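S.K.: sequence first, predicted coordinates after that:
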Amino acid sequence: MSTIPTVSSNTGLTLPQMGFGTYKQRGGLGVQVITQAIANGYRLIDSAFNYDNEGVVGAAIRQSSLPREQLFISSKLPGRYQEYHSALATIRESLYRAQLDYFDLYLIHWPNPRQKHYLEAWQALITAQELGLIKQIGVSNFLPEYIDKLIDQTGVQPAVNQVEIHPYCSQAAIHNYDQEHGIITQAWSPLGRAGKVFQEPVIQRIAQETQASVGQVILRWETQLGLLPIPCAKSTAHQQANLASFDFDLTTQQIDQITALDRADGWMNNQDPSVYEEF
Ligand SMILES: NC(=O)C1=CN([C@@H]2O[C@H](COP(=O)(O)OP(=O)(O)OC[C@H]3O[C@@H](n4cnc5c(N)ncnc54)[C@H](OP(=O)(O)O)[C@@H]3O)[C@@H](O)[C@H]2O)C=CC1
Ligand SMILES: O=C(O)C(=O)[C@@H](O)[C@H](O)C(=O)CO
């Protein structure tokens with residue numbers, strides 16, 4: 001089994017540098033996929049209230065033979081429940097669905113800037129942390145100006161910012177901001193959902209040069225940049241290959257060649273967090 005490095009935030013959170021995404025992993029098959037991921041070595045499991053699978057994640061934890069404290073379980077607050085009391089009730093509902101006493105990490109899923117409730121949601125996450133329902137709190141899809149507002153108004157900074165990142169969408173400005181503030185940047189859809197980016201000649205050539213797969217090259221590019229990718233994979237071979245991406249290194253030149261694939265409009269589904277809203 002590959003050794004997974006760790007990354008730390010300056011709020012005192014230390015996480016393995018790769019997690020397991022669970023979007024669309026539901027029902028009995030979802031439990032099997034997540035249980036298998038844990039058996040393959042994943043310890044950080046990413047979920048969301050909106051994935052309707054916190055129960056599935058909880059069942060997979062119970063099926064694995066690991067003590068709860070060896071796992072990092074993360075979930076997210078949906079846009080429609082960002083008002084303070086609603087947010088607190090939703091966090092309790094998330095815990096009930098997962099049949100857990102606490103989450104290791106809980107994120108605001110999308111800022112929904114026109115709705116203007118993300119600061120209230122942040123205050124609810126702070127209260128939930130004080131109540132012991134959540135160990136660490138963070139955000140997802142947040143631009144630096146939104147995080148500045150959270151810190152200015154509450155004095156509490158997020159441990160994590162989870163954003164869309166793959167070679168077409170490097171998000172260097174957000175990552176730089178996060179690094180300056182000691183915030184861990186998690187990369188969602190880190191493989192670009194194995195879509196067009198897998199056909200990129202530059203990445204295919206680097207895969208040949210390193211004798212790794214295209215997926216492994218993309219994930220290694222992310223981890224060598226200091227990001228924390230959370231790939232999802234139903235296939236156990238993909239699950240294992242993704243963790244094994246820590247077993248080789250890209251050169252600085254290879255990293256720069258992949259970084260150069262970034263595009264101004266590189267989001268897969270045009271989900272620009274300054275305008276996109278999700279409920
Ligand atoms: N905060 C947010 O707003 C968002 C968060 N997320 C989170 O990020 C996670 C990951 O993103 P997701 O959208 O699932 O997409 P990913 O980029 O992780 O891609 C998943 C796809 O890649 C395939 N795959 C996995 N590993 C390999 C490999 N080594 N070689 C070839 N193909 C591979 C999988 O195939 P197979 O299943 O067949 O193995 C699956 O089809 C989500 O599951 C979710 O937890 C996602 C979107 C938004
Ligand atoms: O998967 C997530 O966390 C999401 O926020 C999704 O809604 C994702 O943005 C998506 O796939 C929307 O089509």
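M.R.: Yes, it's here. Ligands and ions are numbered 1, 2, ... in the order given.
S.K.: surely residue 133 and residue 105 touch.
M.R.: No: in this structure, residue 133 is not within contact of residue 105 by CB atoms under 8 Å, at 11.7 Å. Quick note: C-beta positions are derived from backbone N, CA and C, even for glycine.
S.K.: between those two, who's got more neighbours?
M.R.: Comparing residue 133 with residue 105 by neighbour count (other CB atoms under 10 Å), the higher total belongs to residue 105, at 25 against 19.
S.K.: with adjacent residues omitted, what lies nearest to the residue in the stretch 1-150 of the chain that ligand 1 sits nearest to?
M.R.: As assessed by CB to the nearest ligand atom, ligand 1 sits closest to residue 21 within the stretch 1-150 of the chain, at 2.3 Å. Closest residue to residue 21 apart from its sequence neighbours, by CB to CB, 6 or more residues apart in numbering: residue 232 at 3.5 Å.
S.K.: could you do residue 168 as well?
M.R.: Nearest one to residue 168, counting by CB to CB, 6+ apart, is residue 266 at 3.6 Å.
S.K.: contacting residues for that neighbour?
M.R.: Residue 266 makes contact with 166, 168-170, according to CB atoms under 8 Å, 6 or more residues apart in numbering.
S.K.: filter these down to the ones near ligand 1?
M.R.: Filtering the contacts of residue 266 for proximity to ligand 1 by CB under 6 Å from any ligand atom leaves nothing.
S.K.: what is the helix or strand containing residue 173 packed up against?
M.R.: Assigned by DSSP states H and E, residue 173 falls within helix 172-181. On a contact count with 3 or more CB pairs under 8 Å, 6 or more residues apart in numbering; DSSP states H and E, helix 172-181 meets helix 144-154, strand 160-164, strand 184-188.
S.K.: find residues that contact each of residue 133 and residue 105.
M.R.: Listed as contacting both residue 133 and residue 105 by CB under 8 Å, 6+ apart is no residue at all.
S.K.: and residue 6, its phi and psi?
M.R.: When quoted as degrees, to the nearest 10, the phi and psi of residue 6 stand at phi -120, psi 160.
S.K.: for it, give me the pLDDT.
M.R.: On pLDDT, residue 6 comes in at 98.
S.K.: so what's it bridging to?
M.R.: Using DSSP bridges, the beta-bridge partners of residue 6 come out as residue 16.
S.K.: tell me the contacts of it?
M.R.: 14-17.
S.K.: among the residues you listed, who's most crowded?
M.R.: Within the contacts of residue 6, neighbour counts (other CB under 10 Å) peak at residue 15, which reaches 23 neighbours.
S.K.: report pLDDT for that residue.
M.R.: 98.
S.K.: residue 1 too?
M.R.: For residue 1, the model assigns a pLDDT of 76.
S.K.: quick one, phi/psi of residue 191?
M.R.: phi -100, psi 10.
S.K.: from memory it sits against residue 166, does it?
M.R.: Yes: at 6.6 Å, residue 191 and residue 166 qualify as touching, with contact defined as CB under 8 Å.
S.K.: so which of the two has more stuff around it?
M.R.: Between residue 191 and residue 166, residue 166 has the larger neighbour count (other CB under 10 Å), namely 28 against 24.
S.K.: enumerate the residues of the stretch 151-279 of the chain near ligand 2.
M.R.: 269, 271, 278.
S.K.: against ligand 2, how distant is residue 118?
M.R.: Distance of residue 118 to ligand 2, given as CB to the nearest ligand atom, to the nearest Å: 15 Å.
S.K.: mind listing what that residue touches?
M.R.: When contacts are counted by CB under 8 Å, 6+ apart, residue 118 touches 82, 108, 111-112, 139, 142, 146, 150.
S.K.: on that earlier part again, what's the distance between the residue nearest to residue 21 and ligand 1?
M.R.: Residue 232 is 3 Å from ligand 1, where distance means CB to the nearest ligand atom.
S.K.: just checking, residue 110 is part of a helix?
M.R.: No: the assignment for residue 110, made by DSSP: H, G, I helix; E, B strand; the rest coil, is coil rather than a helix.
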